[in-house]
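A.B. asks: 3D, please:
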Amino acid sequence: MKINCNIEVVNRALPAPRKKAQRSCLAIARQSVKNNELHLLLQQTTQNKLGTKYKIDQNIEKVFTKFVNNGKATIRFKEPPHDLNIQCDSILLKSFLRTLELGLCKKLDPSVLGVSNMNPKNIVQAPKTKVTIKTKADYPVLQGFPRTTEELNIVGLERKSFDRQILKLQSLRVLNLSDNKITSLPKELSALPSLTELIVSNNSLGSGGNNKFGWMGEGNLSKTLRLLNLSGNGLTYLPNQIGKLRKLVTLNVSCNALTILPTSIGTLSSLKYLDVSHNSIDSLPGSLMKFRLESLNIAHNPEISQTRLQPFAVNFDVSSLTQLGAQKVLHYRLPYDASTIPFTLVPFLDNAAYCICGKAVVGRYNCLETSRNVSRIAKEVTASADTSVSFRCVVCSHECVKGLLFPR
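C.D. replies: Purely as a prediction, here's the structure:
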């Protein structure tokens, strides 16, 4: 049994700084045909030409598997006092650790392990982690993508549908599907455990008026996604679920047909770069007013600098128990779907608005408009004209109205 992986060897007896992980191979094997004693062999690396052999029986102090679903584990040996920090495909790693467990429990048939594994060998060529498909002829229709793929670029192939083989890539960090004709993304995309950048620019996600954004719901993407590019998709609206991608740092929705932005953008506390240029947006959500962005691009939105005054008439009703409960669910970011709450309440929560103070408002709400200079919320502003723009502000209380009218 052997796996190709990234290995970091830490000698607990030395104060020396840790060395960078290297690509290598770990093998579980018996000593010889006549000697069934099991060993673990760290095969040849650039720093260790002969490899290192570790006795398994009564020599493993502990195996750390807390992050095994992310393809990470640590094997701690007694002698020598080494920690092997392993990173590879999660499925292969689980299989390897299961074999190791059987060997420790004396439940492994030694005959299934090759004696040749004990001989140091050259490392197998590292599997591909970056895949770029440039032509239709290069597309791996039958063999699929390497399971070790971390960056996948499928650009300019005029694909009309999302390839569901991508959902099997547990190590995928960057997915670039730009310049195609994709009309929707599957809800299961949210289950990818490591995706940090999703680029779907210049596609057709807004075609036919049937926008599908289920992948923005509760899932791994809400914890991992840092960059989202939806530019050039003909989008007429951006769903409130965008607020669930709470780790977003960069959001690009330029070159669409948006007229308004959801107030839930104000819940993206990590957001630093926002591009909404080349749309028909007439105002920004008031929930953005508390932000301090690095960059904001509002160019080519012709009506965004036109201030529309309206009477300041507000009426705050007594909240129902349903509203109060919904506000708490959103405040504590509790996961929900139709399997845990009545399905009629899901859109009630999904369509919540967000006050300028950051609180969720469900049901009826008061909305006021004011004008502010966006240089207050961004260090770098790109605009076609005046940087004083209209803000549409949801307010949840008289205190928020007072703060809006009389800013400090």
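
A.B. asks: And the pLDDT for the residue lying closest to Glu101 once chain neighbours are set aside?
C.D. replies: Computed as CB to CB, 6 or more residues apart in numbering, the closest residue to Glu101 that is not its neighbour in sequence is Val63, at 7.9 Å. Just so you know, the C-beta spots here come from the backbone N, C-alpha and C atoms, and that holds for glycine as well. Val63 is assigned a pLDDT of 93 by the prediction.

A.B. asks: Next: the one 4 residues further on.
C.D. replies: On the pLDDT scale, Phe67 is placed at 91.

A.B. asks: wait, it sits on Ile86?
C.D. replies: No: using CB atoms under 8 Å, Phe67 is not in contact with Ile86, being 10.4 Å away.

A.B. asks: ok so, going back, wouldn't the residue nearest to Glu101 be in contact with Asp83 here?
C.D. replies: No: with contact defined as CB under 8 Å, Val63 does not reach Asp83; the gap is 10.6 Å.

A.B. asks: Please identify every residue contacting each of those two.
C.D. replies: Common contacts of Val63 and Asp83 (CB atoms under 8 Å, 6 or more residues apart in numbering): Thr74, Ile75, Arg76.

A.B. asks: Run through the bridge partners of the first one.
C.D. replies: Partner residues in beta bridges with Thr74, using DSSP bridges, are Phe64, Asn85.

A.B. asks: And it, how close does it get to Ile166?
C.D. replies: Distance of Thr74 to Ile166, computed by CB to CB, to the nearest Å: 30 Å.

A.B. asks: Compare the two (neighbour count), which wins?
C.D. replies: Between Thr74 and Ile166, counted using other CB atoms under 10 Å, the more crowded position is Ile166 (21 against 17).

A.B. asks: May I have the secondary structure class of that one?
C.D. replies: Recorded secondary structure, Ile166: helix (DSSP: H, G, I helix; E, B strand; the rest coil).

A.B. asks: For stretch 374-385, output the C-alpha coordinates as PDB.
C.D. replies: C-alpha atoms of stretch 374-385 as PDB (Å, rounded to 0.1, in the frame of the first residue of the first chain):
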ATOM      1  CA  VAL A 374     -18.500  57.000  -1.600                       C
ATOM      2  CA  SER A 375     -15.000  58.100  -0.700                       C
ATOM      3  CA  ARG A 376     -16.100  57.600   2.900                       C
ATOM      4  CA  ILE A 377     -16.500  53.800   2.300                       C
ATOM      5  CA  ALA A 378     -13.600  53.100  -0.100                       C
ATOM      6  CA  LYS A 379      -9.900  54.100  -0.300                       C
ATOM      7  CA  GLU A 380     -10.000  53.900  -4.100                       C
ATOM      8  CA  VAL A 381     -13.100  54.900  -6.100                       C
ATOM      9  CA  THR A 382     -13.600  54.600  -9.800                       C
ATOM     10  CA  ALA A 383     -16.600  56.600 -11.000                       C
ATOM     11  CA  SER A 384     -17.800  58.200 -14.300                       C
ATOM     12  CA  ALA A 385     -19.000  61.400 -12.600                       C
END
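
A.B. asks: which parts of it are buried?
C.D. replies: For stretch 374-385, burial by neighbour count (16 or more other CB atoms under 10 Å) applies to Val374, Ile377, Ala378, Val381, Ala383.

A.B. asks: Give the other helices and strands that the strand or helix carrying the fourth one contacts.
C.D. replies: Take DSSP states H and E as the rule and Val381 turns out to sit in strand 378-382. The contact analysis (3 or more CB pairs under 8 Å, 6 or more residues apart in numbering; DSSP states H and E) places strand 378-382 against strand 293-297.

A.B. asks: tell me which helix or strand of the chain sits lowest on mean pLDDT?
C.D. replies: In the chain, no helix or strand scores lower on mean pLDDT, DSSP states H and E than strand 22-30, which sits at a mean of 83.

A.B. asks: what lines up beside the very next helix or strand once past that one in the sheet?
C.D. replies: Counting by DSSP H and E, the next helix or strand C-terminal to strand 22-30 is strand 38-42. Under the criterion DSSP bridges, strand 38-42 sits next to strand 22-30 (antiparallel), strand 52-55 (antiparallel) in its sheet.

A.B. asks: average model confidence for the shortest one?
C.D. replies: Pointing back at strand 52-55 there. Per-residue pLDDT values over strand 52-55 give a mean of 88.

A.B. asks: Kindly report the same for stretch 239-259.
C.D. replies: Stretch 239-259 comes out at a mean pLDDT of 95.

A.B. asks: do the same with stretch 93-108
C.D. replies: Rounded mean pLDDT across stretch 93-108 is 88.

A.B. asks: Check stretch 316-331 too.
C.D. replies: Stretch 316-331 comes out at a mean pLDDT of 86.

A.B. asks: can you list contacts of it?
C.D. replies: 334, 336, 345, 348-349, 352, 359-364, 366, 396-398.

A.B. asks: Report the buried residues of it.
C.D. replies: Under the neighbour-count criterion of 16+ other CB under 10 Å, stretch 316-331 has Gln323, Ala326, Gln327, Val329, Leu330 buried.

A.B. asks: want to try a markdown table for those, with distance to Leu230 and secondary structure as columns?
C.D. replies: Below are the buried residues of stretch 316-331 laid out as a markdown table (distance: CB to CB, whole Å; DSSP: H, G, I helix; E, B strand; the rest coil):
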| residue | distance to Leu230 | secondary structure |
| --- | --- | --- |
| Gln323 | 31 | helix |
| Ala326 | 27 | helix |
| Gln327 | 28 | helix |
| Val329 | 27 | helix |
| Leu330 | 23 | helix |
